[in-house]
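Peer 1: Attaching a predicted model along with its sequence, questions to come.
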There are 4 protein chains.
Amino acid sequence: MADKDKEKTQQDASDNVAELKAKAGKEPIASFLDMKLVELSKGYAKVSAKLKPEYLNFNNLVFGGIVMAVADQAFAYGTNSVITPNVASQFNIHFVASADVKDELIAECRVVRAGRRVCISEMTVTNQDGKLIANATGTTIPLV
Amino acid sequence: MADKDKEKTQQDASDNVAELKAKAGKEPIASFLDMKLVELSKGYAKVSAKLKPEYLNFNNLVFGGIVMAVADQAFAYGTNSVITPNVASQFNIHFVASADVKDELIAECRVVRAGRRVCISEMTVTNQDGKLIANATGTTIPLV
Amino acid sequence: MADKDKEKTQQDASDNVAELKAKAGKEPIASFLDMKLVELSKGYAKVSAKLKPEYLNFNNLVFGGIVMAVADQAFAYGTNSVITPNVASQFNIHFVASADVKDELIAECRVVRAGRRVCISEMTVTNQDGKLIANATGTTIPLV
Amino acid sequence: MADKDKEKTQQDASDNVAELKAKAGKEPIASFLDMKLVELSKGYAKVSAKLKPEYLNFNNLVFGGIVMAVADQAFAYGTNSVITPNVASQFNIHFVASADVKDELIAECRVVRAGRRVCISEMTVTNQDGKLIANATGTTIPLV
């Protein structure tokens, strides 16, 4: 029964996907960080972002916050493809390997559980060669 | 004895603080995201960042990745004030309240445990009125 | 307005506190792990548990899962003191120092944000001397 | 070169696996929580634990701390199979579905990155039917 309710309160996911794809080219943060939505389906999103010298920190490494931001963008698209709006409440990331400033980061999000009250997702960030840079998990709360 | 070793392998923290302050004005990511180092002492850092319309996402909210980035910057300064280099391995954040695009974010980092092998820190992000936007914790690994 | 709604959908917290105190002596897991509810008020709980030789692992250290369990018990009481039932969705812990098998652990939970849809809490675990053993944060979802 | 060093400072993993298997039947916490080591190879561990009425909490649900403990046991074996001792510093879990008191939990750990200074692992907890109960990630610090 709870599952039936869930179905009812969710927007039709295929609508979400189409709507998000239309928005993807226009949002300010995507332009600012040059993040591209590469792929989107119900419960899955892939985002890419070319790194830049502007992202280097005081240790001359790519700033971790940029890796998080790219993962967060995939997280946002992946979770909103299931239910919209679906707002991030928590995000945990492990930095597995450092990124090179010449890398293009690829972030993927897979929604593991799409509940009516809470969604749980897994993210990975790799570079253009498939090297794992970070893995992450997160909690979102549907506002429907 | 382990503690004595720890002391020896750590750079003198007051040196770190002075060195980091000198670097703070020059690092690319700080310019790119307009983040200012407001305060720095051994085991504590405060960073501020004025939000901008460029940071809005497809739901017309401030992109969570920006909140994370500001927290991460305080995290980087706070942990490197104790031991340098001290590289982030893990970061967990809870989004407590949404930020307004007109807000100035204030991120603070307090190092809870400064070990030779691993450091643990706590971060908060508030706005200019002291409203809690996010709290976070993280793990760093000293490379000395 | 959202806040007004929140108030309405929550059970009266003082009722929760009294009810939880009454249940505290009777729940199976509390007996099994010898965990005592030491203090409870709206948004705050303190739990104690005496460690035992049964909790040692293959490295002859106190099993981390026991430290987590004691923190989780404070988390459960603290969050349910605000809204009941309030079910854990996520929990992140940092092990700051190892516990001694003769220690008595004290876990405290403070609810940082008590929302209608999601609650965020902070926990600490110390020993009988106030030494910090672990800090944790967590997400709960009210089922009201 | 760093990788060569890594190899040298690590104990031979096949030795670790044999040694851990020998210890697995004798550790106090495994007896106390009735956790069995089902499978172990370099970077992978599987643990099972039959749930019991003693694990119910005040909401008549299986106590989350028990789910964490079973995940933590797989985490300990998986990470120590690579490097011993390898001590948990951080652990993050998402509760995906509630467990039934009649369930047998199966926890698996996969080491994602086995570094000389820090290891990162992913865990899942399922029930006897393969239903996902929780997913987790964690950080360990080799003490070699």
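Peer 2: Alright, I've got the coordinates.
Peer 1: buried ones in stretch A:114-132?
Peer 2: By 16 or more other CB atoms under 10 Å in any protein chain shown, the buried positions in stretch A:114-132 come out as A:114-127. All C-beta spots, glycine's among them, are computed from the backbone N, C-alpha and C.
Peer 1: My read is that A:Leu20 contacts A:Ser81, right?
Peer 2: Yes: with contact defined as CB atoms under 8 Å, A:Leu20 reaches A:Ser81; the gap is 6.1 Å.
Peer 1: So those two - more neighbours on which side?
Peer 2: The residue with more neighbours, out of A:Leu20 and A:Ser81, is A:Ser81; 26 against 20, by other CB atoms under 10 Å in any protein chain shown.
Peer 1: just the helices in chain A please.
Peer 2: With helices called from DSSP state H, chain A shows them at A:2-9, A:13-24, A:28-32, A:64-80.
Peer 1: For A:Val87, give the beta-bridge partners.
Peer 2: Assessed by DSSP bridges, A:Val87 has beta-bridge partners A:Ile141.
Peer 1: wait, what's in contact with it?
Peer 2: A:Thr140, A:Ile141, A:Pro142, A:Leu143, B:Asn59, B:Leu61, B:Phe95, B:Ser98 (CB atoms under 8 Å, 6 or more residues apart in numbering or on different chains).
Peer 1: Let me have those residues in CSV, adding distance to A:Ala45 and pLDDT as columns.
Peer 2: Below are these laid out as CSV (distance: CB to CB, whole Å; pLDDT from 0 to 100):
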residue, distance to A:Ala45, pLDDT
A:Thr140, 12, 98
A:Ile141, 18, 98
A:Pro142, 16, 96
A:Leu143, 19, 93
B:Asn59, 15, 89
B:Leu61, 17, 94
B:Phe95, 19, 98
B:Ser98, 21, 95
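Peer 1: from those residues, which single one is nearest A:Phe32?
Peer 2: Of all the contacts of A:Val87, A:Phe32 sits closest to B:Leu61, with 14.5 Å by CB to CB.
Peer 1: What is the burial count for the residue nearest to the closest one when sequence neighbours are not counted?
Peer 2: The spatial neighbour of B:Leu61 that comes closest, neighbours along the chain excluded (CB to CB, 6 or more residues apart in numbering or on different chains), is B:Ser98 at 5.8 Å. Neighbour count for B:Ser98, taken as other CB under 10 Å: 15.
Peer 1: List buried residues within the contacts of A:Val87.
Peer 2: A:Thr140, A:Ile141, A:Pro142, B:Asn59, B:Leu61, B:Phe95.
Peer 1: from the residues you listed, which is closest to chain D?
Peer 2: Distance to chain D, by CB to the nearest CB, is smallest for A:Thr140 among the buried ones among the contacts of A:Val87, at 11.4 Å.
Peer 1: closest one to chain D among the helices of chain A?
Peer 2: Using CB to the nearest CB, the helices of chain A put helix A:2-9 closest to chain D, at 11.8 Å.
Peer 1: rewinding a little: with respect to D:Ala69, which of the helices of chain A lies nearest?
Peer 2: Of those, the one closest to D:Ala69 (CB to CB) turns out to be helix A:2-9, at 27.8 Å.
Peer 1: which residue is nearest the centroid of chain A?
Peer 2: A:Ala74 (1.6 Å; CA atoms, centre = their mean).
Peer 1: And that residue, how close does it get to chain B?
Peer 2: To chain B, A:Ala74 is 10 Å away according to CB to the nearest CB, to the nearest Å.
Peer 1: was I right about that residue contacting A:Glu108?
Peer 2: Yes: if you go by CB under 8 Å, A:Ala74 and A:Glu108 touch, sitting 5.8 Å apart.
Peer 1: Give the residues shared as contacts by these two.
Peer 2: A:Ala45, A:Lys46, A:Val47, A:Met123.
Peer 1: Name the member of those with the most neighbours.
Peer 2: A:Val47 (30 neighbours).
Peer 1: so who does that residue touch?
Peer 2: A:Met35, A:Lys36, A:Leu37, A:Val38, A:Val70, A:Gln73, A:Ala74, A:Tyr77, A:Ile106, A:Ala107, A:Glu108.
Peer 1: Need the per-residue pLDDT for A:Glu7.
Peer 2: With respect to pLDDT, A:Glu7 scores 47.
Peer 1: Actually, A:Ala13.
Peer 2: 70.
Peer 1: burial of it, as a residue count?
Peer 2: 16.
Peer 1: Test my guess that it contacts A:Lys42.
Peer 2: Yes: if you go by CB under 8 Å, A:Ala13 and A:Lys42 touch, sitting 4.1 Å apart.
Peer 1: any idea how far chain B is from the nearest residue to A:Lys36 once chain neighbours are set aside?
Peer 2: Distances taken as CB to CB, 6+ apart put A:Ser48 closest to A:Lys36, at 5.0 Å, once the chain neighbours are dropped. Distance, A:Ser48 to chain B, using CB to the nearest CB: 15 Å.
Peer 1: From C:Met35, how far out is A:Ser48?
Peer 2: Between A:Ser48 and C:Met35 the computed distance is 48 Å (CB to CB, to the nearest Å).
Peer 1: Could you point out which residue ranges in chain A have low pLDDT?
Peer 2: Where chain A drops to pLDDT under 70, the residues are A:1-12.
Peer 1: Close to chain C: what parts of it are there?
Peer 2: Contact residues (CB under 8 Å from any CB of the partner chain) of chain A with chain C: A:Ser89, A:Gln90, A:Asn92, A:Arg117, A:Val118, A:Ile120, A:Thr139, A:Ile141, A:Leu143.
Peer 1: Run through the residues that contact the closest residue to A:Cys119 other than its chain neighbours.
Peer 2: Here the nearest residue to A:Cys119 in space, its sequence neighbours aside, is A:Thr140; by CB to CB, 6+ apart that works out to 4.6 Å. Counting by CB under 8 Å, 6+ apart, A:Thr140 touches A:Phe75, A:Thr79, A:Asn86, A:Val87, A:Ala88, A:Ser89, A:Val118, A:Cys119, A:Ser121.
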